[in-house]
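Novice: With the sequence up front, the predicted model follows.
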Amino acid sequence: MPQFRLSNAPELELVHDVDNSAVIPTLGSESFMTTFQFVQKYMSSISGPNAGFKSACGIEGHLQTIWSAIPRPSFFKHRPVMERSLQQTILVRDGGNIVFDISSMDGPEDLPIIIGVHGIGGSSRSSYIQEILTKMVARGWRAIAINLRGCGPSTLTSPQIHHGGSINDLGAVVAWALYKFPDARIHVVGASLGACITHNYIGEMGEDCPLSSAGLLSPVYDFTKSHRNLEKGHLLSRLVYNKILGVKHIEKFVKPYPEAFNMSHYAATSGSSTPSSRSSTLRGSPLSVTPSNCSTVDSAGVMGQSLSSMPPVPSIEEAAKAVLMGPPSMTRFSTLVAYAAGYDCPVDFMERTSSVNAISNVAIPVLALNAADDPLLRGKELPREEVSQSRHMVMCVTKRGGHLGWFGTGKDGKTEGHRRWFSRVFDQWFAGLNDLNMAPRPHPKIVVGHDGYMYPEGRPDMAFMEVDAITPQLLFRKHIVPFQ
């Protein structure tokens, strides 16, 4: 029977499959080890006598989370930022665009690559991603930092807003990396929502996943439980996270881009009258839950009044209007994201895009780092049972750390300079796996479609086209005001 394994650090828990873990395939080595055995041998930060995290001044999850969300405070003026040699823009077939930074195009083509995926409303320059990527660049790796749709220099040019099921957007960037550097081993680290996207991508690809490994920082495995915490949880969750984040994201993604939600404009610029769901693979794959609707799936009322009782809207335009006119909240913003992604209702959307559904289909080494005092997904809500049955995944749970926080030191008292403790964890994870000389993963052939888009063979939904930075605005932007 699967079990939960506790490390010898009393405030740190390691969850993994004790009985049936898969062996990490390597080249030219007679020694074999499972993902958990690798953690035990190579990761002193989470296994061994000095394993664990010590919160700065003992601060708990809410303060850790708020501290992490403060934009560029003065005491972070020396925080590590990756120097980029190229900023690349790609179009995806539904009219959206993704922009990403590359640390260097020079060097051998087989340099290991680390791709960073930020959380909702973040960017390629988000400190939690930069702190990890800069460590790997210092080791000689090539780094790619993604700006998801509407984030950083990317403009919103289609109704699709990035969400936990945006696996095709990540797939397009991975395909670009495979095309440019076919001999490289590719690793991905995702944070918060970016961790969910990464997790869902890995689960969707299964045995065909081209990634060598992945790291998940503060993944919110279950969006239903997370949104329940935002609506019914701690006072800070209800009044700060839900309300303020709702205002922030409506101001960032909806108000500046009225044309993105105007279907007449979308049809004229994209050649399609209806945006295709970026989560179509999740909707029809074995990872999906049983089809449901808002009137039955939330019979217990766990989602709260603002989501579960919200009636279906006739169009994406009406959904955008409703978000602008109603009281701002993160849960209300999620209704627009759900409808724009092609889902019948927000509750159904939360269930189907939750990455807990992907755990059983993970086929590469994955390390997830969570804190038991994360206000978005509490320690008792973490998917211990599911992870304990995964042959490839290890979940590390610290007592403190909050959401994307971990301000403090290791149990050994050592700091990471201007980085947080989690940067040590993922540095040991990725560097150690690379030193194992892992066997290369299967890389699909990149083909060119009749429309000029390139994509992995068999996955046209992950197509991309390289363009200049100004191209998305020239193709898709014009001055109209649909919300009247």
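Specialist: Here it is on my side, so go on.
Novice: contacting residues around stretch 190-198?
Specialist: Residues outside stretch 190-198 that contact it (C-beta atoms under 8 Å, 6 or more residues apart in numbering) are 116-120, 122, 126, 128-129, 146, 148, 162-167, 169-170, 188-189, 199, 214-221, 223, 353-355, 368, 403-404. C-betas here are computed from N, CA, C, even on glycine.
Novice: In space, what's closest to the residue nearest the centre of the chain - neighbours in sequence excluded?
Specialist: Centroid check for the chain by C-alpha atoms, centre = their mean gives G194 as the closest residue, at 1.3 Å. Closest residue to G194 apart from its sequence neighbours, by C-beta to C-beta, 6 or more residues apart in numbering: V117 at 3.3 Å.
Novice: Give me the mean pLDDT for stretch 317-336.
Specialist: Averaging pLDDT along stretch 317-336 gives 83.
Novice: All further residue positions should be reported with the first residue as 58.
Specialist: Taking 58 as the first residue, the last one we looked at is stretch 374-393.
Novice: Regarding it, how distant is the last residue from the first?
Specialist: For stretch 374-393, the separation between the terminal residues is 9 Å (C-alpha to C-alpha, to the nearest Å).
Novice: tell me which residues of it are tucked away?
Specialist: 374, 376-380, 385-393 (16 or more other C-beta atoms under 10 Å).
Novice: Would you map the strands across the stretch 308-457 of the chain?
Specialist: 423-428, 450-455 (DSSP state E, counting those that start in this stretch).
Novice: what angle sits between the first one and strand 450-455?
Specialist: What it means is strand 423-428. 20 degrees (axes from the mean of the first three to the mean of the last three C-alpha atoms, to 10 degrees).
Novice: In contact with the residue nearest to G251, which residues?
Specialist: I186, I203, L205, L227, V245, V246, G247, A248, G251, A252, I254, T255.
Novice: Which residue ranges of the stretch 408-541 of the chain form helices?
Specialist: Counting by DSSP state H, counting those that start in this stretch, the stretch 408-541 of the chain has these helices, from start to end: 441-444, 478-492, 528-533.
Novice: Using TSV, lay out the ones you listed together with distance to K289, mean pLDDT and mean neighbour count.
Specialist: Formatted as TSV, those follow (distance: least, C-beta to C-beta, whole Å; pLDDT from 0 to 100; neighbours: other C-beta atoms under 10 Å):
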stretch	distance to K289	mean pLDDT	mean neighbour count
helix 441-444	23	96	18
helix 478-492	28	96	22
helix 528-533	39	82	16
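Novice: Is it possible to get CSV of the ones you listed that adds distance to F318?
Specialist: CSV is the format used below for the helices of the stretch 408-541 of the chain (distance: least, C-beta to C-beta, whole Å):
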stretch, distance to F318
helix 441-444, 36
helix 478-492, 36
helix 528-533, 12
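Novice: pLDDT on stretch 303-313, on average?
Specialist: Rounded mean pLDDT across stretch 303-313 is 87.
Novice: Using neighbour counts, pick out the buried residues of that stretch.
Specialist: Those would be G303, K305, H306, I307, K309, F310, V311, for stretch 303-313 by 16+ other C-beta under 10 Å.
Novice: same thing with stretch 190-206?
Specialist: Those would be 190-194, 198-206, for stretch 190-206 by 16+ other C-beta under 10 Å.
Novice: Please narrow these to those residing in helices.
Specialist: Within the buried residues of stretch 190-206, residues falling in helices by DSSP state H are L190, T191, K192, M193, V194.
Novice: If you drop the residues flanking it in sequence, what lies closest to K192?
Specialist: D484 (4.6 Å).
Novice: hang on, isn't N107 packed against D469?
Specialist: Yes. If you go by C-beta atoms under 8 Å, N107 and D469 touch, sitting 4.0 Å apart.
Novice: Of the buried residues of stretch 190-206, which pair is most distant in space?
Specialist: K192 and R206 (27.0 Å; C-beta to C-beta).
Novice: and the closest residue to R476 other than its chain neighbours, what element?
Specialist: Excluding its sequence neighbours, the residue lying closest to R476 (C-beta to C-beta, 6+ apart) is E188, at 4.2 Å. If you go by DSSP states H and E, E188 is part of helix 184-195.
Novice: outside of that helix, which residues touch it?
Specialist: Under C-beta under 8 Å, 6+ apart, the answer for helix 184-195 is 125, 129, 133, 136-139, 160, 169, 171, 173-176, 179, 200, 202, 246, 248, 251, 272, 274, 461, 473, 475-477, 479-480, 483-484, 487-488.
Novice: got any ranges where the stretch 158-307 of the chain has weak pLDDT?
Specialist: 292, 295-296 (pLDDT under 70).
Novice: got the residue ranges for the strands in it?
Specialist: Using DSSP E, counting those that start in this stretch, strands in the stretch 158-307 of the chain cover 170-174, 199-204, 243-248, 270-274.
Novice: what would the ones you listed look like in a markdown table with distance to D401?
Specialist: Converted to a markdown table, the strands of the stretch 158-307 of the chain look like this (distance: least, C-beta to C-beta, whole Å):
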| stretch | distance to D401 |
| --- | --- |
| strand 170-174 | 27 |
| strand 199-204 | 29 |
| strand 243-248 | 27 |
| strand 270-274 | 28 |
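Novice: and of these, who's closest to T92?
Specialist: Of all the strands of the stretch 158-307 of the chain, strand 270-274 comes closest under C-beta to C-beta, at 9.0 Å.
Novice: The buried residues of stretch 374-393: which two are farthest apart?
Specialist: E374 and M387 (21.4 Å).
Novice: List just the nearest of the buried residues of stretch 303-313 to K237.
Specialist: Distances from K237 to the buried residues of stretch 303-313, taken by C-beta to C-beta, are shortest for F310, at 29.4 Å.
Novice: which one of the helices of the stretch 408-541 of the chain lies closest to E68?
Specialist: Nearest to E68, of those and by C-beta to C-beta, is helix 478-492 at 12.6 Å.
Novice: so what does the closest one touch, helix or strand wise?
Specialist: helix 92-99, helix 184-195, strand 243-248, strand 270-274, strand 423-428, strand 465-467 (3 or more C-beta pairs under 8 Å, 6 or more residues apart in numbering; DSSP states H and E).
Novice: List just the one of the ones you listed that sits closest to I503.
Specialist: Closest among the helices and strands packed on helix 478-492, using C-beta to C-beta: strand 243-248, at 13.2 Å.
Novice: quick one: low-confidence parts of the stretch 408-541 of the chain?
Specialist: 534-541.
Novice: can you do 80?
Specialist: 468-470, 472-475, 533-541 (pLDDT under 80).
Novice: can I get the buried residues of stretch 303-313 in TSV with distance to C453?
Specialist: Below are these laid out as TSV (distance: C-beta to C-beta, whole Å):
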residue	distance to C453
G303	31
K305	29
H306	29
I307	34
K309	32
F310	32
V311	36
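Novice: List just the nearest of those residues to I116.
Specialist: K305 (23.0 Å).
Novice: sorry, back to before: which among the helices and strands packed on helix 478-492 is found nearest to P403?
Specialist: Closest among the helices and strands packed on helix 478-492, once you apply C-beta to C-beta, is strand 243-248, at 22.4 Å.
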